[in-house]
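**Q** 3D model of this:
(one chain, ligands or ions: 1)
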Amino acid sequence: MRGVVMHAPGDVRVEERPDATIVEPTDAVIRVTASCICGSDLWGYRGPAPLAEPRPMGHEYVGVVEQVGDEVRDITVGDYVVGSFVASDNTCEICRAGYQSRCVHHVMMGTVGTQAELARIPHADGTLVPTPGVPDADLVPSLLAASDVLGTGWFAAVAAEAGPGRTIAVVGDGAVGLSAVLAARQLGAERIVLFSRHPERAALGRKFGATDVVEERGDAGAARVKELTGGYGAHGVVEAVGTDEAMSQAIRSARPGGHVGFVGLSHDVHLDGLELFYSTVHLHGGPAPVRRFLPELVRLIWDRTIDPGQVFDLTLPLEQAADGYRAMDERRATKVLLTP
Ligand SMILES: [Zn+2]
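**A** Below you'll find the model as predicted:
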């Protein structure tokens, strides 16, 4: 099968990989109908650390089930499916509490590499959610978004306690931040403040439900949120970047008693203990348990209540994946969809 392999920072190739096959009896193999490039794929792409060995890429996917292992009960060949970027059994105590991304048997789909023609899906019954049928072509980007960015933004908005009467601020105007805006709106937030200096992303943010766009960053950005909220700060803040500045900005934008949902993959974040102590905020985050939300997200997409697929602004054939990485690295694209 053809698949994307990263050989070194800046060196992504599409090449022959061994066909995905059933390894464990709980596995399924899907034919990937769409995958995409994630902001987190760029951390490795931008280096500087050399890779120990070439690695397959991709953890987002929708597709059609081609094979199932002997112990798979709920998923059948021919199902059109969406799954999270983390495979999970959905039966252990952590899963049942709604934290499937930290399942005791979790498998990061990035180790499988879904930017390929075929993908092995571990714990198929726990991981995959079938759609009601074969989706119309225009629904595919939205279903694919549910696999990671929408599910992650949704978790962040839930962790920030978005709801009626609440003001939610969102740090990060990438695909996850924009999805968090959409989620906060859907969850009933009254006011949604998006931090953005990027006119096109801000425009999509407004389309998704942002009521205010703030260009200031860091302490100036937090001060602006305080100004907009009568001096209090936001009830909830989504952090969807993962840098030290973004995390501080998120905590400082929240009011005492407020909630920060942090989902940006953390890089060199150092929190000051005394500041954290006096902030009096709730911190809740980590790799999003997308599987918790998937059935509802699939329904909202299927009913055309939400259209998160608008975060994709470039579509390329899998064979041109390297161009997609370049476009995202150079910020010419927010989110790149790869078709077979
Ligand atoms: Zn589990």
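
**Q** from here on, just use CA atoms for contacts and neighbour counts.
**A** Fine.

**Q** any idea how many residues pack against the closest residue to the ion within the stretch 101-250 of the chain?
**A** Closest to the ion within the stretch 101-250 of the chain is residue 103: 3.6 Å, counting by C-alpha to the ion. By other C-alpha atoms under 10 Å, 22 other residues sit near residue 103.

**Q** repeat that for residue 199.
**A** Neighbours of residue 199 (other C-alpha under 10 Å): 10.

**Q** repeat that for residue 163.
**A** 21.

**Q** how near is it to residue 223?
**A** Using C-alpha to C-alpha, to the nearest Å, one gets 23 Å for the distance from residue 163 to residue 223.

**Q** and if you look at residue 40?
**A** 29 Å.

**Q** between these two, which one's more packed in?
**A** Using other C-alpha under 10 Å as the criterion, residue 40 and residue 223 rank with residue 223 on top: 19 against 12.

**Q** show me the contacts for the more buried one.
**A** residue 253 (C-alpha atoms under 8 Å, 6 or more residues apart in numbering).

**Q** and it, that one's in a helix?
**A** Yes: using DSSP: H, G, I helix; E, B strand; the rest coil, the assignment for residue 223 is a helix.

**Q** now residue 49. Nearest residue, chain neighbours left out?
**A** Once flanking residues are discounted, residue 49 sits nearest to residue 9: 7.4 Å by C-alpha to C-alpha, 6 or more residues apart in numbering.

**Q** all helices of the stretch 201-340 of the chain, in order?
**A** 218-228, 244-253, 273-279, 290-302, 321-329 (DSSP state H, counting those that start in this stretch).

**Q** ok, the residue nearest to residue 10 when sequence neighbours are not counted - contacts?
**A** With sequence-adjacent residues excluded and distances taken as C-alpha to C-alpha, 6+ apart, residue 10 is closest to residue 45, at 5.1 Å. Shown in contact with residue 45 (C-alpha under 8 Å, 6+ apart): 6, 8-12, 325.

**Q** make TSV from those residues and add pLDDT, neighbour count and secondary structure to it.
**A** Shown next, in TSV, are the contacts of residue 45 (pLDDT from 0 to 100; neighbours: other C-alpha atoms under 10 Å; DSSP: H, G, I helix; E, B strand; the rest coil):
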residue	pLDDT	neighbour count	secondary structure
6	96	20	strand
8	93	20	strand
9	93	16	coil
10	94	17	coil
11	95	14	strand
12	96	22	strand
325	97	24	helix
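
**Q** columns distance to the ion on top of these, output as CSV?
**A** Output for these, formatted as CSV (distance: C-alpha to the ion, whole Å):
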residue, distance to the ion
6, 29
8, 33
9, 33
10, 35
11, 35
12, 33
325, 32
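
**Q** out of those residues, what pair is the most spread apart?
**A** 8 and 325 (12.8 Å; C-alpha to C-alpha).

**Q** now stretch 40-59: buried residues?
**A** For stretch 40-59, the neighbour count (16 or more other C-alpha atoms under 10 Å) marks 41-42, 45, 55-59 as buried.

**Q** from the chain's centroid, how far away is it?
**A** Put simply, stretch 40-59 sits 18 Å off its chain's centre (C-alpha atoms, centre = their mean, to the nearest Å).

**Q** let the chain start at 45 from now.
**A** I'll keep to 45 as the first residue from here, and by that count the last item is stretch 84-103.

**Q** and it, how far apart are its ends?
**A** 10 Å.

**Q** avg pLDDT for it?
**A** The average pLDDT within stretch 84-103 is 89.

**Q** hang on, the earlier thing: tell me the one of the buried residues of stretch 84-103 nearest residue 131?
**A** Of those, the one sitting nearest to residue 131 (C-alpha to C-alpha) turns out to be residue 103, at 9.9 Å.

**Q** was I right about the closest one contacting residue 160?
**A** No: counting by C-alpha atoms under 8 Å, residue 103 stays clear of residue 160, with 10.2 Å between them.

**Q** which neighbours do those two have in common?
**A** residue 79.

**Q** not counting its neighbours along the chain, what's nearest residue 327?
**A** Nearest to residue 327 is residue 304, by C-alpha to C-alpha, 6+ apart, at 5.0 Å.
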